[in-house]
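1. Need a 3D model of the sequence below.
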Amino acid sequence: MLKSMTGFGRAEALVGDKRFTIDIKSLNGKQLDLQLKLPSLLKPFEFDIRKIVAEKLNRGSVDCLISLKEAGQSIPVSINTQVARSYYQPLVELAKELNLDSSQLLSSILKLPDVVAAGSDSIEPTQWEELKKGIEKALQALDTHRTQEGKGLEADLIARITRIEQLQKEIEAIEPARRDKVRQGLKQVIEEQVGQESYDKNRLEQELIYYIEKMDISEEMVRLRTHCAYFREQLNGAEEGKGKKLSFILQEIGREINTTGSKAYDATIQRFVVEMKDELEKAKEQTLNVL
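-> Next up is the predicted model:
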């Protein structure tokens, strides 16, 4: 079973008179890259929150937003009068210089940075456990989404590997005829260039065997079949976090396909190889999003 790195989860947690909304979104990434946005009263718990998320989501680019809204009352705020005064005097002087009305400066000052701030409320360690349950619930929702996305990825990857296996069988079906064609072609070229009676037939046979062995693709076909079978085995495995392993297997599959193409010297096989490469690239793109 595969899991995608793409997912979204949301949950709410009621902690005393505070209601927290937890939104967690993940996209594909080689490592865990966690962007965490918290209200100020949760800053003391930032390390704990990061640890919870990292333990559940070991890869991906993750955005975690925890927002706060009071339950049944307004959010307490405070006004930093020192900052407000520091804004006021320069603005009054600027208004006089520009001959502007300064009677409405207060409403403008209240919108400036750091003048109005949320109250310095906090949550107790016992309340943290309730928030922790909400975070875990959001993570579970995201994990469910990842699993659903993974089913689509798995179906697509199976289709790609199946097509590669089909093309391999077509190559194997025409391989004997290709070997005979290569043999006859080399023999014909020699006879045309030096004459049928002007060469040692035994030596020619040895040379033909040498060149045909150099162009033999039977080993590549065996290894390609083995790699495809191993890829399927990993797809069906129960372990999580196998996206990197699947990518490594696809690299090995690509190596055998490339070698087959370089040794084929046959237009039909080359067309099959090009189609194999196309399916392989599409499979690689999909595995980038596999957990």
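
2. packing partners for the helix or strand residue 150 falls within?
-> According to DSSP states H and E, residue 150 maps onto helix 125-194. With contacts taken as 3 or more Cβ pairs under 8 Å, 6 or more residues apart in numbering; DSSP states H and E, helix 125-194 sits against strand 7-15, strand 18-27, helix 46-56, helix 201-214, helix 218-236, helix 243-264, helix 267-287. Glycine gets a C-beta too; all of them are placed from N, C-alpha and C.

3. wait, which of those is closest to residue 36?
-> Closest approach to residue 36 among the helices and strands packed on helix 125-194 is made by helix 46-56 (6.3 Å; Cβ to Cβ).

4. For that closest one, buried residues please.
-> Going by neighbour count (16 or more other Cβ atoms under 10 Å), the buried part of helix 46-56 is 49, 52, 53, 56.

5. mean confidence for that helix?
-> Averaged across helix 46-56, pLDDT comes to 93.

6. Same question for stretch 146-157.
-> Summarised as a single mean, pLDDT over stretch 146-157 is 93.

7. Touching it from outside, list them.
-> With contacts defined as Cβ atoms under 8 Å, 6 or more residues apart in numbering, stretch 146-157 is touched by 1-7, 26, 231, 235, 246, 282-283, 286-287, 289-291.

8. send the alpha carbons of that stretch over as PDB?
-> What follows is stretch 146-157, C-alpha atoms only, in PDB (Å, rounded to 0.1, in the frame of the first residue of the first chain):
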ATOM      1  CA  ARG A 146      -2.600  10.600   2.000                       C
ATOM      2  CA  THR A 147      -3.800   7.000   1.900                       C
ATOM      3  CA  GLN A 148      -6.600   7.900  -0.500                       C
ATOM      4  CA  GLU A 149      -4.200   9.800  -2.800                       C
ATOM      5  CA  GLY A 150      -1.800   6.800  -2.600                       C
ATOM      6  CA  LYS A 151      -4.300   4.400  -4.100                       C
ATOM      7  CA  GLY A 152      -4.400   6.500  -7.300                       C
ATOM      8  CA  LEU A 153      -0.600   6.600  -7.400                       C
ATOM      9  CA  GLU A 154      -0.400   2.900  -6.900                       C
ATOM     10  CA  ALA A 155      -2.800   2.200  -9.700                       C
ATOM     11  CA  ASP A 156      -0.900   4.400 -12.100                       C
ATOM     12  CA  LEU A 157       2.500   2.900 -11.200                       C
END
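
9. what's the neighbour count on the nearest residue to residue 245 once chain neighbours are set aside?
-> Spatially, and ignoring its direct neighbours in sequence, residue 245 is nearest to residue 234 (6.0 Å; Cβ to Cβ, 6 or more residues apart in numbering). A count of nearby residues for residue 234, using other Cβ atoms under 10 Å, gives 14.

10. Residue 244 is in contact with residue 234, correct?
-> No: checked against Cβ atoms under 8 Å, the pair residue 234 and residue 244 is beyond contact range at 10.8 Å.

11. Buried only: go through the contacts of stretch 146-157 for me.
-> Counted by 16+ other Cβ under 10 Å, those give 2-7, 26, 231, 235, 246, 283, 286-287, 289-291 as buried.

12. Widest-spaced pair of the residues you listed?
-> Every pair of the buried ones among the contacts of stretch 146-157 checked by Cβ to Cβ; the farthest is 26 and 231, at 24.6 Å.

13. related to what we said a few turns ago, most tightly surrounded among the helices and strands packed on helix 125-194?
-> Stretch with highest mean neighbour count among the helices and strands packed on helix 125-194: strand 18-27 (a mean of 20; mean count of other Cβ atoms under 10 Å).

14. Mind exporting the C-alpha coordinates of that strand to PDB?
-> Extracted as PDB, the C-alpha positions of strand 18-27 are listed here (Å, rounded to 0.1, in the frame of the first residue of the first chain):
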ATOM      1  CA  LYS A  18     -10.300  28.900  23.800                       C
ATOM      2  CA  ARG A  19     -11.100  27.100  20.500                       C
ATOM      3  CA  PHE A  20      -8.100  26.200  18.300                       C
ATOM      4  CA  THR A  21      -8.300  25.300  14.700                       C
ATOM      5  CA  ILE A  22      -5.500  23.100  13.400                       C
ATOM      6  CA  ASP A  23      -4.800  23.000   9.600                       C
ATOM      7  CA  ILE A  24      -2.000  20.800   8.300                       C
ATOM      8  CA  LYS A  25      -1.100  20.600   4.600                       C
ATOM      9  CA  SER A  26       1.700  18.500   3.100                       C
ATOM     10  CA  LEU A  27       3.300  18.400  -0.400                       C
END
